[in-house]
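Engineer: sequence and predicted structure below; questions after.
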Amino acid sequence: MTHQPPPLSRHGRFARRAWILLDWAASAFSTVLITLVVAYVENLVFAKHVWGVEAGVIWAWTLAAAMLASAVLVPWVAAWADRRDGHQRALIIATCVGAGGFLMLAAAPPQARIAVVAAVVAACVGFDVAQVFTGSLLRRIAGDRDADRLSAYGFAAGYAGGAIALVIATAVFTAHARLGLDEAGGVRLAFAVTAAWWLVFSVPAAVARFDHGSGARHAATPGRELGAFASSLCRAAPGSADRAFAAVLGGAMLALGGVQTAIAQFSSLALQRFDLDGPALVRLVLLVQAVALPGAIIVGWLSTRFGRRPATVLCFGGWIGVLVLAWFVNSTQQLYGLAVLLALVLGGIQSLLRAAVAVLAPPGHAGVSFGLLQVGTKLSGCAASLAFGGLQLATGSPQSGLLALIAQLAVGWWLIRRLS
């Protein structure tokens with residue numbers, strides 16, 4: 001079932017621009033998290049094994065706690081938003097929670113370690129929930145093919161915004177001595193600037209006029225809403241629209257979980273195997289952001305011009321090719337070359353799957369659809385990480401874990417093959 005776009009009135013054009021700015025705003029969180037926040041937590045807050053374990057373990061456990069909290073919270077919030085037509089309100093609240101986590105991280109001194117961990121968890125959960133409703137609102141401002149283009153524009157804006165925000169945050173930290181601050185004070189100020197970026201550029205979406213939901217019937221409580229929706233997908237007749245959507249949703253979960261795991265392992269490879277320092281890691285992230293921007297736009301154009309099937313083949317084939325090539329990376333130059341290839345298909349596959357779920361979601365259930373996608377992505381990412389580590393442990397070869405990621409992406413591709 002397709003969704004036709006509303007007439008592009010002045011309010012409609014503003015809503016589209018405000019929606020694109022959501023990716024521009026929130027990507028600041030992503031880039032700063034994987035650079036300045038991880039360095040702050042591991043090198044300053046937990047540098048001296050104060051809790052009796054490695055700082056990297058604390059970081060991994062903190063992210064795991066955030067993923068668990070998101071997995072528990074997201075489906076219920078999404079079901080509530082569907083029942084109350086509260087997607088925009090939920091988006092605003094989630095953004096405030098995420099940016100508030102960064103502000104809490106800026107306010108808490110390094111010695112307040114529990115507060116630091118709680119702030120990171122709050123920021124991650126706010127980001128995850130906000131992404132659910134960014135996706136669900138896409139259905140209200142774009143039609144079938146137009147959704148691919150708009151989603152691609154959003155991801156492209158996100159890569160640009162994330163890169164610029166990271167440059168600003170890094171500049172603030174670098175200038176800490178001139179500002180009369182120590183290293184910890186400089187990076188905490190950078191977190192406050194990042195929070196302000198996230199909030200300011202999310203304001204247009206808070207005041208924009210998005211279309212209302214379809215008026216579909218809903219259950220009396222969020223719990224029943226979740227159960228009824230999941231049951232309808234499981235009982236869908238072969239060949240029906242619901243069965244096709246269930247296959248696409250399952251394939252997207254596997255694919256995005258594998259992609260997120262691959263990105264995490266790529267960062268680990270850069271830090272550990274090639275001993276990249278902080279500035280080098282920032283440069284590598286900026287390179288990925290710069291190349292992913294045109295990559296997302298090109299994939300969106302291909303999907304709009306030729307259909308989702310060839311764009312899907314390009315994205316999945318490209319990702320599997322990148323993972324195969326990763327087996328043979330032995331130098332820093334090859335690592336940067338692999339980063340360029342990865343960036344070309346990184347934004348494309350994410351924007352394509354976001355648009356597909358937005359268009360194919362049953363009317364009135366966009367929120368719970370993206371909520372289930374978020375949870376499934378986290379769980380499949382967890383499974384991919386466990387399989388990656390298990391293969392590495394069993395064989396003693398870091399590259400062997402790539403087989404698990406390739407297999408997961410291949411299964412996801414097989415499920416999504418019905419895309420037209």
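Structural biologist: Cool, got the structure. Every value quoted in this text rests on a predicted model; they were computed, and no experiment measured them. Numbers count the residues shown, from 1 in each chain.

Engineer: where does Pro6 land on pLDDT?
Structural biologist: pLDDT, Pro6: 46.

Engineer: what pLDDT, on average, does the one helix or strand Val77 maps to get?
Structural biologist: Under the criterion of DSSP states H and E, Val77 resides in helix 55-84. For helix 55-84, the mean per-residue pLDDT is 82.

Engineer: following the chain onward from it, which element is next?
Structural biologist: helix 87-107.

Engineer: how far is that following helix from where the chain is centred?
Structural biologist: Per CA atoms, centre = their mean, to the nearest Å, the displacement of helix 87-107 from the mean C-alpha position of its chain is 16 Å.

Engineer: for it, what does the pLDDT average out to?
Structural biologist: 95.

Engineer: for that helix, buried residues please.
Structural biologist: Neighbour-count burial for helix 87-107 flags 87-88, 90-106 (criterion: 16 or more other CB atoms under 10 Å). All C-beta spots, glycine's among them, are computed from the backbone N, C-alpha and C.

Engineer: that one to helix 55-84, inter-axis angle?
Structural biologist: 160 degrees (axes from the mean of the first three to the mean of the last three CA atoms, to 10 degrees).

Engineer: buried ones in the helix or strand just after helix 87-107?
Structural biologist: Next in sequence after helix 87-107, counting helices and strands by DSSP H and E, comes helix 113-138. Neighbour counts over helix 113-138 (16+ other CB under 10 Å) mark 113, 116-138 as buried.

Engineer: so Ala195 touches Leu103, yeah?
Structural biologist: Yes. In this structure Ala195 lies within contact range of Leu103 using CB atoms under 8 Å: 4.7 Å.

Engineer: what residues does Ala262 make contact with?
Structural biologist: Residues near Ala262 by CB atoms under 8 Å, 6 or more residues apart in numbering: Trp319, Val322, Leu323, Leu342, Leu405.

Engineer: compute the number of surrounding residues for the second one.
Structural biologist: Spelled out, it's Val322. Around Val322 there are 21 other residues, counting by other CB atoms under 10 Å.

Engineer: now do the first one
Structural biologist: Close neighbours of Trp319, defined as other CB under 10 Å, add up to 27.

Engineer: correct me if wrong: it contacts Leu409.
Structural biologist: Yes. Between Trp319 and Leu409 there is a contact under CB under 8 Å: 5.7 Å.

Engineer: overlap in contacts, these two.
Structural biologist: Common neighbours of Trp319 and Leu409 (CB under 8 Å, 6+ apart) are Gly258, Val259.

Engineer: assign a three-state SS to Val329, would you?
Structural biologist: Recorded secondary structure, Val329: coil (DSSP: H, G, I helix; E, B strand; the rest coil).

Engineer: tally up the residues packed near it, please.
Structural biologist: When neighbours are counted by other CB under 10 Å, Val329 registers 19.

Engineer: swap in Pro238?
Structural biologist: Pro238 has 6 nearby residues by other CB under 10 Å.

Engineer: same question, His49
Structural biologist: Other residues lying near His49 total 11 when counted by other CB under 10 Å.

Engineer: swap in Ala112?
Structural biologist: Using other CB under 10 Å, Ala112 has 14 neighbouring residues.

Engineer: any idea how far Ala60 is from it?
Structural biologist: Between Ala112 and Ala60 the computed distance is 21 Å (CB to CB, to the nearest Å).

Engineer: tell me the buried residues in the helix holding Val77?
Structural biologist: Buried residues in helix 55-84, counted by 16+ other CB under 10 Å: 55, 58-59, 62-63, 65-67, 69-71, 73-83.

Engineer: start to end distance for stretch 31-51?
Structural biologist: Stretch 31-51 has an end-to-end distance of 27 Å (criterion: CA to CA, to the nearest Å).

Engineer: try stretch 45-58
Structural biologist: 10 Å.

Engineer: pLDDT score for Ser331?
Structural biologist: pLDDT, Ser331: 80.

Engineer: let me fix that, I meant to ask about Gly317.
Structural biologist: pLDDT recorded at Gly317 is 89.

Engineer: do the same with Leu249
Structural biologist: Reported pLDDT for Leu249: 89.

Engineer: I'd guessed it sits against Val357; true?
Structural biologist: Yes. Using CB under 8 Å, Leu249 is in contact with Val357, at 6.4 Å.

Engineer: mind checking what helix or strand follows the lowest-mean-pLDDT helix or strand in the chain in sequence?
Structural biologist: When each helix and strand of the chain is scored by mean pLDDT, DSSP states H and E, helix 222-234 comes last, with a mean of 68. Towards the C-terminus, the helix or strand next in line after helix 222-234, according to DSSP H and E, is helix 241-268.

Engineer: which strands and helices lie in contact with the helix or strand that that next one is followed by?
Structural biologist: Where DSSP H and E defines the elements, the next helix or strand beyond helix 241-268 is helix 278-306. The elements that helix 278-306 packs onto, with contact taken as 3 or more CB pairs under 8 Å, 6 or more residues apart in numbering; DSSP states H and E, are helix 144-174, helix 308-326, helix 332-360.
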